[in-house]
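**Student:** give me coordinates for this.
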Amino acid sequence: MTLKEGKERFIQSWGALGSSWGINRTMAQIHALLLIAPESLSAEEIMEELQISRGNANMNIRALIDWGLVYKELKPGERKEFFVAEKDMWEVVKNIIIQRKKRELEPMLRVLDEISSVDPESEEAREFIEVIREIKLFSNKADSTLDTLVKSDSNWFVGTFMKMIK
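**Tutor:** The predicted model follows:
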């Protein structure tokens with residue numbers, strides 16, 4: 001396999017994986033391209049490499065910046081903006097966890113708080129309240145675990161993970 005083929009395969013695979021972390025394919029492909037780029041790339045270089053429109057590139061680059069996965073880099077004498085990916089995989093994972101928690105888990109926790117005040121006037125209502133209570137308990141534990149994970153360093157995580165799989 002040539003380097004070009006390897007890069008293309010990685011970009012396509014990372015793009016497919018992106019939907020698992022709640023982002024679109026193009027956003028993940030831009031992230032993949034910037035991850036493997038030896039130096040920062042301009043929006044034009046990203047557009048050319050991935051064969052995407054300027055609007056698509058700009059929208060997804062901004063989203064990656066919002067997620068903390070990509071940063072702007074200024075080059076002396078250049079008017080263009082250049083972009084570089086966070087290459088520390090622990091930081092990438094932590095940023096993805098933070099964003100997914102903010103977009104998915106926290107809104108669900110708010111809804112669970114709201115609906116846990118249902119009046120237990122019937123057997124069906126009591127069963128509903130019990131299911132909601134169990135989901136809320138699990139969700140709060142997940143939230144707490146994710147907070148601990150985000151605050152930890154990579155050595156602690158790897159060590160703990162290795163103990164768990166033994």
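**Student:** A helix includes Leu105, no?
**Tutor:** Yes: membership of Leu105 in a helix is supported by DSSP: H, G, I helix; E, B strand; the rest coil.
**Student:** residues in contact with it?
**Tutor:** Ser139, Ala142, Asp143, Leu146 (CB atoms under 8 Å, 6 or more residues apart in numbering). Using the backbone N, CA and C atoms, a C-beta is placed for each residue, glycine as well.
**Student:** for those, which one is nearest Asp153?
**Tutor:** Comparing these against Asp153 with CB to CB places Leu146 closest, at 15.3 Å.
**Student:** sec struct for the closest one, please.
**Tutor:** helix.
**Student:** pretty sure it sits against Ile97.
**Tutor:** Yes: using CB atoms under 8 Å, Leu146 is in contact with Ile97, at 5.6 Å.
**Student:** tell me where the chain has strands.
**Tutor:** 41-42, 70-73, 82-85 (DSSP state E).
**Student:** tell me which strands the shortest one pairs with, and in which orientation.
**Tutor:** Sheet pairing here is set by DSSP bridges, and for strand 41-42 it gives strand 82-85 (antiparallel).
**Student:** quick one: mean pLDDT over the strand it pairs with.
**Tutor:** For strand 82-85, the mean per-residue pLDDT is 97.
**Student:** in it, what counts as buried?
**Tutor:** Phe82, Phe83, Ala85 (16 or more other CB atoms under 10 Å).
**Student:** same question for stretch 51-67.
**Tutor:** Ile52, Asn56, Ala57, Asn60, Ile61, Ala63, Leu64, Trp67.
**Student:** please list all residues in contact with the residue nearest to the first one when sequence neighbours are not counted.
**Tutor:** Counting by CB to CB, 6 or more residues apart in numbering, Thr26 is the residue found nearest to Ile52 once chain neighbours are left out, at 6.1 Å. Thr26 is in contact with Gly15, Leu50, Ile52, Asn56, Asn60, counting by CB under 8 Å, 6+ apart.
**Student:** among the residues you listed, name the ones in helices.
**Tutor:** Judged by DSSP state H, these include Gly15, Leu50, Asn56, Asn60 as members of helices.
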